[in-house]
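Participant: Below are the sequence and a predicted model for it; my questions follow.
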Amino acid sequence: MKKKLQSYQSSHILSKRKWKLSPEDVARLLENIRELAHQRLPGVKLNATELTRIFGLGIEVAGEEIQSERMDVAIETYLRTKLDLRPSSLTECRGVLHRLLREVEGLGERTVRSMQPKDCLDAILQVYQTPHTIDKARRLMNCFFNFAIQQNWCRDNPMRRMRVCRRVERTVEALALSQVHELLRAAARPEFQCCAAAVGIMLWAGIRPAEVGRLHWCDVDFDEQVITVVPVVSKTGGARVVTIQPVLLRWLNRWRSACGGDNPQARVVPGSWVQRWKHLRRMAGLEPWRPDTLRHTFASYHLRYFRDLHQLQLEMGHSSAKLLFSRYLNQAGITRESAAAFWGRSTPLPRQKRMRKKRELTEPVHDLIVLTPDSIKETAPDEHSESAT
């Protein structure tokens, strides 16, 4: 009797709402809910109270769907909150998200709440094919859905439930001493002397090309012999201090004037840096070129010579040593003698010496001609070579 009364009350309440439902429609609705619950929830004992609760959950989900935002509108709102990013980072973020909206049919018309992990994965795989670009799109979509949760457009982040394929890091070989020598010889050519300081900083300090492009000479402290990579310069947004080793100090002193180092507010790199750097590599015979090759070279020779993983981690700006071992350290073919020559030392560092002892070493005798800055002679440009763009 009590169950019949509850059922009647539920029917009476539904029929009195502004839904314009007749008692027959209400009865049919309750029967449909009961049948659907039996299909979706087998083995669950259903009564009027349980059916009312299930119906309430459905109303709640429908309300969230109505309150959610369209994907195209949500993405534009998200991008407006990212105007403080670096221009290159903002361009990359905008390019990925806009391409997804443009190439995935119907994506912009869907609500944020309706996106499931499979929908997100299908959209990404429809546009991007390589592991690098897929991972980049996944990371940007993850940031977008975190923002959507803050805006109450969805309850959870579907990207967190997406299975992430482990990226297999490709081996990047460090440059051999002969290749480093050719690179420095190319930087000493008259048309590339304005790039010489930047090349030295990338090679002997491990600073990324994009970071070097944002460095100013005021960030290079010749008295303290350090280079400060401030957050607005760093790729990861974290500051770090990199030691200027003696070989780099001599190289910078030689090319400082030619690279505009007399003005502390001037950039370390010249205009059209990206094009000049590409042409310089081609002149040195180092094409094809893998990204961050000089950073890998710095890390490999640094660990082989100084044997101080903690110091290298600080110089590279990594929060842990895991990335160093998985991606950067490739000491194949690097001997103790070649590592000493890379750092402009005449002899390898004794094995028993520790890091605090290394800084007490006097200036070495440069009997190895390979990487002594004075041994890199200025060469006249080849008559048949192209000028820097």
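Facilitator: Alright, I've got the coordinates.
Participant: where along the stretch 101-250 of the chain do the strands fall?
Facilitator: Ranges of strands in the stretch 101-250 of the chain, per DSSP state E, counting those that start in this stretch, are 220-221, 226-229, 240-243.
Participant: For the second one, which strands pair with it and how are they oriented?
Facilitator: The pairing partners recorded for strand 226-229 under DSSP bridges are strand 220-221 (antiparallel), strand 240-243 (antiparallel).
Participant: Rebuild these as JSON lines, extending it with mean pLDDT, distance to residue 105 and mean neighbour count.
Facilitator: Just so you know, the C-beta spots here come from the backbone N, C-alpha and C atoms, and that holds for glycine as well. Below are the strands paired with strand 226-229 laid out as JSON lines (pLDDT from 0 to 100; distance: least, CB to CB, whole Å; neighbours: other CB atoms under 10 Å):
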{"stretch": "strand 220-221", "mean pLDDT": "94", "distance to residue 105": "52", "mean neighbour count": "18"}
{"stretch": "strand 240-243", "mean pLDDT": "93", "distance to residue 105": "45", "mean neighbour count": "18"}
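Participant: Quick one, which of those gets closest to residue 101.
Facilitator: Taking CB to CB, strand 240-243 is the member of the strands paired with strand 226-229 nearest to residue 101, at 36.6 Å.
Participant: and the closest one, C-alpha only, in CSV?
Facilitator: Provided in CSV are the C-alpha atoms of strand 240-243 (Å, rounded to 0.1, in the frame of the first residue of the first chain):
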residue,chain,number,x,y,z
ARG,A,240,68.7,28.4,-13.5
VAL,A,241,72.4,29.5,-13.3
VAL,A,242,74.9,28.0,-15.7
THR,A,243,78.6,28.1,-15.1
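Participant: How many neighbouring residues does residue 206 have?
Facilitator: 23 (other CB atoms under 10 Å).
Participant: Relative to residue 251, how far out is it?
Facilitator: Distance of residue 206 to residue 251, computed by CB to CB, to the nearest Å: 14 Å.
Participant: can you check residue 260 too?
Facilitator: Counting by CB to CB, the gap from residue 260 to residue 251 is 16 Å.
Participant: and this protein, what are its domains?
Facilitator: In terms of domains, the chain is parsed into 72-161, 177-375 (source: automatic domain parsing).
Participant: JSON lines for the ones you listed, including distance to residue 28?
Facilitator: JSON lines is the format used below for those (distance: least, CB to CB, whole Å):
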{"stretch": "domain 72-161", "distance to residue 28": "27"}
{"stretch": "domain 177-375", "distance to residue 28": "59"}
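Participant: Of these, which stretch is the most buried?
Facilitator: domain 177-375 (a mean of 17; mean count of other CB atoms under 10 Å).
Participant: hmm, back to that, pick out the shakiest of the domains of the chain, pLDDT-wise.
Facilitator: Note on these: domain 177-375 shows the lowest mean pLDDT, a mean of 82.
Participant: Please compute how far that one lies from its chain's middle.
Facilitator: Centroid separation for domain 177-375 versus its chain: 22 Å, with CA atoms, centre = their mean, to the nearest Å.
Participant: From here on, call the first residue 64.
Facilitator: In the new count, where the first residue is 64, that last one comes out as domain 240-438.
Participant: To residue 327, which of the strands paired with strand 289-292 lies closest?
Facilitator: Of all these, strand 283-284 comes closest under CB to CB, at 8.9 Å.
Participant: quick one: contacts of that closest one?
Facilitator: 264, 290, 291, 307, 315, 324, 331 (CB atoms under 8 Å, 6 or more residues apart in numbering).
Participant: Show me those that map onto helices.
Facilitator: Among the contacts of strand 283-284, the members falling in helices (DSSP state H) are 264, 315.
Participant: What residues sit buried inside stretch 93-102?
Facilitator: 93, 96, 97, 100 (16 or more other CB atoms under 10 Å).
Participant: tell me which element the third one is part of?
Facilitator: This means residue 97. If you go by DSSP states H and E, residue 97 is part of helix 86-103.
Participant: Which strands or helices does that helix pack on?
Facilitator: helix 65-79, helix 111-130 (3 or more CB pairs under 8 Å, 6 or more residues apart in numbering; DSSP states H and E).
Participant: need the least confident one among the ones you listed, by mean pLDDT.
Facilitator: Mean pLDDT across the helices and strands packed on helix 86-103 is lowest at helix 65-79; the value there is a mean of 44.
Participant: nearest to residue 106, of the domains of the chain?
Facilitator: Taking these one by one with CB to CB, domain 135-224 is closest: 25.5 Å.
Participant: Helices of the stretch 164-313 of the chain, residue ranges please.
Facilitator: With DSSP state H, counting those that start in this stretch as the definition, the stretch 164-313 of the chain shows helices at residue ranges 180-190, 194-213, 240-250, 259-268, 272-277, 309-318.
Participant: Who are the packing partners of the fourth one?
Facilitator: Right, helix 259-268. Helix 259-268 packs on helix 240-250, helix 272-277, helix 309-318, helix 336-346, helix 356-369, going by 3+ CB pairs under 8 Å, 6+ apart.
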